[in-house]
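Peer 1: I would like the atomic coordinates for the input below:
(2 chains)
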Amino acid sequence: MAFVALGQGSSKTVEPTRSSRVAFVLLAPGVIYLGLFFLTPLFSLIITSLKTASMTGEIGMYDYGLEFGNYAYAVSQYGPQILRSFVYAIIATVMALLISYPIAYFIGVKARNKPVLQALLLTLVIAPFFISFLLRTLAWKQIFSNESPVTQVLQALTLLPADQNIIGTDFAVIFGLTYNFIPFMTLPIYTSLERLDLRLVEAGSDLYASPAKTFWRITLPLSMPGVISGTLLTFIPISGDYVSASRDFLGDSDTSMLGNVVEATYLRMQDYPTASALSVMLMAAIVIIVSTYVRRAGTEDLL
Amino acid sequence: MKLSLGKWLLPSYVAFAFIFMMIPIAYTFVFSFNETEKSNIAWKRFTFENWLNVCDQQEVCNAFGNSIAIAVIATLVATVLGTAIAIALGRYKFKGRGATNLLLFLPMATPEVVMGAGLAAQFLNVGIGKGFWTIVIGHIMFTLSFVVVTVKARVATLDPRLEEAGKDLYGSPASVFWRITFPLLLPGIMAAAMLAFALSFDDFIITQFNAGAETTFPKFIYTAAARGIPPEANVLGSAVFFVAIAIVLIVQLRSSLKARRLAKK
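Peer 2: Numbers count the residues shown, from 1 in each chain, chains lettered A, B, ... in the order given. Purely as a prediction, here's the structure:
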């Protein structure tokens, strides 16, 4: 939900004017807090991922160690789920981008001179955030359940084979993921398009560029910061999500994602080393992806 | 003809998209009025019963109360810590600015399941039992960066000359802060607090990893999903939705009307 952040982060920074020890007093508590409860936990994950099974043989008991085999085990055991997470995340992110861009364009460009309409539409974009995403996902589950009129109509129209479920399929999970993260995509793109100088677009058409060409050569490149932020804000949470893919929600046992495996291994099987190894790998993948992005966009822009 | 089609294509698409976005919300709301015996899946009969006696389902109400308490504490702490960092970043020069920015950016770029499992692994390694306060600790951690970013944007729009004027008029640093800086930052701080509250209230993944036996509203829904959630959960979810929408609409309309007034001048 960095949308508010990204939405306001546009304004230019005033050059810091004073230099002082006060800064450290202001910074220290928060920075120490993040050190204790964000950074050290990441190290705890790495340490835990290298633990070995306890000699006592008790479930959930592990000794400190350097068992790199935990990583090989995690990959060999849960390879399909790891792969599936990234495939789902990529498809859902692309879908969210395709759905969100026109919405963002309408609010940011077409509704620019109608502040009340713009405010209303923005409120509608963030409206889903105000009702628990678990409730929304459950609502989709019931709308697409076998007994629901929606499924029955689709089957009557033979758009869906009579013995085919919707819930529990790849489609349902990707649908749920896409739906849940559309606002995360729309808001940063809106922020970019809001600032788009329309004179540039006019200049394009004055120079006899077709609307399509103006879009590809002017509008889209100028909205890239928003597209990049939106893509990250969508891709990252989706890659670790386990609600949509859960069998109690839109998924089934063969739609499990990385998050589902971490949840199951950590909380149910108490296999902390495997869960930690999987989390460390996910984090490493995200760091690589984000730093490639950041190298292009710059951190100040993302913050 | 082609022109008019082009003209209507985008607005109708947007209208459809918004209807699509609202479907699950409407569904949740409608089914909060369903008379249910065992499950709230098929529609039976309209009733106000669920709204009038929400706390008949003790479990839901307790979970809801927990969520509110956790969100209030986490919001207060995160807002204070985050505002201090935002002021430092926006107003002071210091070494390690890049590192600080990175430390603040990282939690926003980390999947929740990693933060949740990491914190849980840390509590396990140190030997701290999970419960109410471990959830609070997790929520302060992941909302902090969002507070910083939101308040920092406000600090950036602040005219430093106002504070200088305060100093020139012999205001002490404390009175300059409380009489000038703080009131000007207040809208940003309020927005940050609201965001932190919403994030904390709706969080599920970090909560699940650090809750132990403690329940929150989202955790209750997740656990109950297998056997079907009671309509009282729909009632509470819908109620929160309407309160939040009302607040946001008022804030948004006020600020856009203000912008319009300024534009006219």
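Peer 1: As a check, name the ranges of all strands in the stretch 51-200 of chain B.
Peer 2: B:92-93 (DSSP state E, counting those that start in this stretch).
Peer 1: any low-confidence regions in chain A?
Peer 2: By pLDDT under 70, the weakly predicted segments of chain A are A:1-19, A:297-303.
Peer 1: max-length helix in it?
Peer 2: Once chain A is assigned using DSSP state H, the helix that runs over the most residues is helix A:69-105.
Peer 1: next one: that helix to chain centre, how far?
Peer 2: Relative to its parent chain, helix A:69-105 has a centroid offset of 9 Å by Cα atoms, centre = their mean, to the nearest Å.
Peer 1: Check which residues of that helix are buried.
Peer 2: Within helix A:69-105, the residues scored as buried using 16 or more other Cβ atoms under 10 Å in any protein chain shown are A:70-71, A:74, A:78, A:81-82, A:84-86, A:88-89, A:91-93, A:95-97, A:99-105. No exception for glycine: its C-beta is placed from N, CA and C like everyone else's.
Peer 1: check those residues against chain B, which are close?
Peer 2: A:99, A:102, A:103, A:105 (Cβ under 8 Å from any Cβ of the partner chain).
Peer 1: can I assume residue A:186 sits in a helix?
Peer 2: Yes - secondary structure of residue A:186 (DSSP: H, G, I helix; E, B strand; the rest coil): part of a helix.
Peer 1: Hmm, it is touching residue A:229, no?
Peer 2: No - under the criterion of Cβ atoms under 8 Å, residue A:186 makes no contact with residue A:229, lying 11.3 Å away.
Peer 1: if you count what's nearby, which of the two comes out ahead?
Peer 2: residue A:186 (31 against 26; other Cβ atoms under 10 Å in any protein chain shown).
Peer 1: what's near enough to touch the more buried one?
Peer 2: Residue A:186 makes contacts with A:100, A:103, A:104, A:107, A:125, A:230, as judged by Cβ atoms under 8 Å, 6 or more residues apart in numbering or on different chains.
Peer 1: Of the residues you listed, which is the nearest to residue A:205?
Peer 2: residue A:104 (20.9 Å; Cβ to Cβ).
Peer 1: Excluding chain neighbours, what is closest to the closest residue to chain A within the stretch 1-150 of chain B?
Peer 2: Scanning the stretch 1-150 of chain B for the residue nearest chain A gives residue B:111, at 2.8 Å (criterion: Cβ to the nearest Cβ). Sequence neighbours aside, residue A:240 is the residue nearest to residue B:111 in space, at 2.8 Å (criterion: Cβ to Cβ, 6 or more residues apart in numbering or on different chains).
Peer 1: and that neighbour, how many neighbours does it have?
Peer 2: 25.
Peer 1: Correct me if wrong: it contacts residue A:283.
Peer 2: No - here residue A:240 lies out of contact with residue A:283, judged by Cβ under 8 Å, at a distance of 9.2 Å.
Peer 1: Can you pull the residues that touch both of the two?
Peer 2: With Cβ under 8 Å, 6+ apart as the test, residue A:240 and residue A:283 both reach B:111, B:114.
Peer 1: Next, work out how far apart the residue of the stretch 1-150 of chain B closest to chain A and residue B:41 are.
Peer 2: 31 Å (Cβ to Cβ, to the nearest Å).
Peer 1: Who has more neighbours out of these two?
Peer 2: Set side by side, residue B:111 and residue B:41 show more neighbours around residue B:111, with 26 against 17, by other Cβ under 10 Å.
Peer 1: Wait, that one touches residue A:234, no?
Peer 2: No - using Cβ under 8 Å, residue B:111 makes no contact with residue A:234, being 12.0 Å away.
Peer 1: what separates the spatially most central residue of chain B from chain A, distance-wise?
Peer 2: Residue closest to the mean C-alpha point of chain B, counted by Cα atoms, centre = their mean, is residue B:198 at 1.9 Å. From residue B:198 across to chain A, the span is 6 Å (Cβ to the nearest Cβ, to the nearest Å).
Peer 1: Residue B:48 and residue B:35 touch, don't they?
Peer 2: No - using Cβ under 8 Å, residue B:48 is not in contact with residue B:35, being 9.8 Å away.
Peer 1: who has more neighbours, those two?
Peer 2: Set side by side, residue B:48 and residue B:35 show more neighbours around residue B:35, with 14 against 11, by other Cβ under 10 Å.
Peer 1: nearest residue to residue 27 other than its sequence neighbours?
Peer 2: Just so you know, I chose chain A. Using Cβ to Cβ, 6+ apart, the closest residue to residue A:27 is residue B:88 (4.7 Å).
Peer 1: my question was about chain B
Peer 2: Residue B:27's closest residue in space is residue A:139 (Cβ to Cβ, 6+ apart), at 4.0 Å.
Peer 1: With just CA atoms, put the helix or strand containing the one you found into PDB.
Peer 2: Element membership of residue A:139, judged by DSSP states H and E, is helix A:133-143. Extracted C-alpha coordinates of helix A:133-143, given in PDB (Å, rounded to 0.1, in the frame of the first residue of the first chain):
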ATOM      1  CA  PHE A 133      -8.700  -9.000   1.400                       C
ATOM      2  CA  LEU A 134      -9.600 -12.300   3.000                       C
ATOM      3  CA  LEU A 135     -13.300 -11.500   2.900                       C
ATOM      4  CA  ARG A 136     -13.000 -10.300  -0.700                       C
ATOM      5  CA  THR A 137     -11.200 -13.500  -1.700                       C
ATOM      6  CA  LEU A 138     -13.800 -15.600   0.000                       C
ATOM      7  CA  ALA A 139     -16.500 -13.700  -1.800                       C
ATOM      8  CA  TRP A 140     -14.900 -14.700  -5.200                       C
ATOM      9  CA  LYS A 141     -14.700 -18.200  -3.900                       C
ATOM     10  CA  GLN A 142     -18.400 -18.300  -3.400                       C
ATOM     11  CA  ILE A 143     -19.200 -16.500  -6.600                       C
END
